[in-house]
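Peer 1: please work out how this folds:
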Amino acid sequence: MSAAPASFEVPPSSREIKVYYRGEKELPQGEPFTLKYTEWCLDEATGVCVCFLSNPKKLNPFTFNLLWEILFCVEHAERDPRVKLVIWAGRGRCFSGGADFTSLFAIDIDPEITAGYRRVGKGMARDMDVALQGVTQRLLAFKKLSISAVHGPCIGGGANFALLLHDFVFISKSAKFRYSVQLAQTPSLRSDELLVTPSPSLASQRKLAPPSYCPITLAYSVPRSSSCS
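Peer 2: Sure, this is the predicted structure:
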């Protein structure tokens with residue numbers, strides 16, 4: 001058996017993927033779609049696809065535009081037989097600065113496309129899906145291996161997305177987490193499960209910081225089909 005490579009080189013970046021639903025129609029062959037807030041980097045030799053949150057000037061904020069693109073990338077990854085696993089990472093100096101409330105609800109995507117994904121249960125659950133139910137359900141049902149790789153600040157919905165929706169979480173020494181509940185915001189993206197624990201002290205710890213037993217590289221594995229109590 002050959003030794004594992006010492007490092008992984010990120011494949012060339014692309015903004016071009018395909019979408020597979022429009023209005024009442026499914027598009028089996030897909031229709032070209034250009035990403036604005038994410039990048040698609042597929043290494044065909046290994047099947048590893050790195051999806052970057054890619055708005056580094058604003059610290060990769062969570063907006064509905066970004067969330068829709070995440071949903072499109074998930075569907076495209078499931079349908080592309082070349083993709084074996086997906087790694088989610090952030091461009092620039094952080095994973096994500098959390099929600100951008102100045103443009104959170106703005107959507108510049110063709111409404112026929114978003115309507116098509118919502119119709120089949122693969123889009124945002126509703127127009128004002130502030131709890132991000134649609135994204136949560138879609139990623140928990142993702143049929144391939146999903147990994148998040150976190151560096152730098154990771155705040156609010158970004159922390160929830162990174163820590164709770166993937167099979168494995170890798171955390172760098174530079175990562176710093178801040179949960180939504182610290183900012184007096186309603187928990188989203190499955191984070192309410194962190195508040196339901198048998199120990200009040202453990203619940204408090206989980207609200208304030210990532211688990212103390214996962215400080216550096218391989219953080220932990222979270223079964224997407226079960227709670228993380």
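Peer 1: assign a three-state SS to residue 114, would you?
Peer 2: Three-state call for residue 114 (DSSP: H, G, I helix; E, B strand; the rest coil): helix.
Peer 1: I'd say it and residue 122 touch.
Peer 2: No - look at residue 114 against residue 122 with C-beta atoms under 8 Å: they stay out of range, at 10.5 Å. Backbone N, C-alpha and C define where each C-beta goes, glycine included.
Peer 1: for residue 75, see how far away residue 163 is.
Peer 2: 23 Å (C-beta to C-beta, to the nearest Å).
Peer 1: who's more crowded, residue 114 and residue 122?
Peer 2: residue 114 (22 against 19; other C-beta atoms under 10 Å).
Peer 1: okay, the more buried one: pLDDT?
Peer 2: Looking at residue 114, its pLDDT stands at 97.
Peer 1: show the contacting residues for it.
Peer 2: 68, 107, 123-124 (C-beta atoms under 8 Å, 6 or more residues apart in numbering).
Peer 1: buried residues, the lengthiest helix in the chain. List them.
Peer 2: Ranked by residue count and defined by DSSP state H, the top helix of the chain is helix 64-79. Buried positions in helix 64-79, judged by neighbour count with 16 or more other C-beta atoms under 10 Å: 64-78.
Peer 1: picking that back up, buried members of the contacts of residue 114 into ChimeraX, please.
Peer 2: The following ChimeraX line selects those of the contacts of residue 114 that are buried, judged by 16+ other C-beta under 10 Å:
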select :68,123,124
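Peer 1: from the contacts of residue 114, which is closest to residue 22?
Peer 2: Distance to residue 22 across these (C-beta to C-beta) is lowest for residue 123, with 11.9 Å.
Peer 1: so what pLDDT did the residue nearest to that closest one when sequence neighbours are not counted get?
Peer 2: Among residues not flanking residue 123 along the chain, residue 117 sits closest, at 3.3 Å (C-beta to C-beta, 6 or more residues apart in numbering). Each residue has a pLDDT score; the one for residue 117 is 98.
Peer 1: from residue 106, how far off is the residue positioned nearest the centre of the chain?
Peer 2: The C-alpha lying nearest the average C-alpha coordinate of the chain belongs to residue 161 (C-alpha atoms, centre = their mean; 5.1 Å). Residue 161 sits 19 Å away from residue 106, going by C-beta to C-beta.
Peer 1: ok so, going back, give me the element the residue nearest to the centre of the chain is part of.
Peer 2: For residue 161, the element it lies in under DSSP states H and E is helix 157-164.
Peer 1: that helix packs against which elements?
Peer 2: Applying 3 or more C-beta pairs under 8 Å, 6 or more residues apart in numbering; DSSP states H and E, one finds that helix 157-164 contacts strand 85-90, strand 145-150, strand 176-178.
Peer 1: which is the next helix or strand following it?
Peer 2: strand 168-171.
Peer 1: I'd like the mean pLDDT over that next one, please.
Peer 2: 95.
Peer 1: can you give me the buried ones in it?
Peer 2: Buried residues in strand 168-171 (16+ other C-beta under 10 Å): 168-171.
Peer 1: quick one, strands of this protein?
Peer 2: 16-22, 25-34, 38-43, 48-53, 85-90, 145-150, 153-155, 168-171, 176-178, 218-221 (DSSP state E).
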